[in-house]
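S.K.: Next come a sequence and a model predicted from it.
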Amino acid sequence: MALQPLHDRIVVEAAAKEEKTAGGIILPDTAQEKPLKGTVIATGPGKRLDSGKLAPIGVNVGDVVLYGKYSGTEVSVDGKDYIILRADDILAVLEGALAGAGK
């Protein structure tokens, strides 16, 4: 990947916006919400503690994560959109059936 995050930063590829409701109603672009879920593409080495040791990041490449609505910085690299987040901005890691839903 051409984008390597530093320190405790994480690069996430956001999930696609929901274009239909659960009932099948098609949503216009203006009604679609920004996705709050994505797949981890790259992680930094971790945060440097006062003791000099590295605190590891709690997520791995390939994990599906939830993050805050206004978290991170959106960037575009080679025509693809990514979000760069701090490790603290990750709210949860989705596992199993939850990770595949809505992907």
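M.R.: Cool, the structure landed. Numbering: from 1, shown residues only.

S.K.: Look at the residue nearest to residue 90 when sequence neighbours are not counted and say how many residues are nearby.
M.R.: With sequence-adjacent residues excluded and distances taken as C-beta to C-beta, 6 or more residues apart in numbering, residue 90 is closest to residue 65, at 5.1 Å. Any C-beta I mention is one placed from the backbone N, CA and C, and that applies to glycine too. Applying other C-beta atoms under 10 Å, we find 21 residues neighbouring residue 65.

S.K.: So residue 65 sits against residue 38, correct?
M.R.: Yes: in this structure residue 65 lies within contact range of residue 38 using C-beta atoms under 8 Å: 6.4 Å.

S.K.: Need the residues touching each of those two.
M.R.: Counting by C-beta atoms under 8 Å, 6 or more residues apart in numbering, the common neighbours of residue 65 and residue 38 are residue 12.

S.K.: confidence score at the residue lying farthest from the centre of the chain?
M.R.: No residue in the chain sits farther from the centre than residue 51, which is 29.0 Å out by C-alpha atoms, centre = their mean. Residue 51 carries a pLDDT value of 90.

S.K.: swap in residue 42?
M.R.: 92.

S.K.: tell me the secondary structure for it?
M.R.: Following DSSP: H, G, I helix; E, B strand; the rest coil, we place residue 42 in the strand state.

S.K.: Tell me what it is bridged to.
M.R.: Beta bridges link residue 42 to residue 11 when assigned by DSSP bridges.

S.K.: and it, what is it in contact with?
M.R.: 1, 3, 4, 5, 10, 11, 61.

S.K.: do you know how far it is from residue 70?
M.R.: Relative to residue 70, residue 42 is positioned 22 Å away (C-beta to C-beta, to the nearest Å).

S.K.: Right, I'll leave it there.
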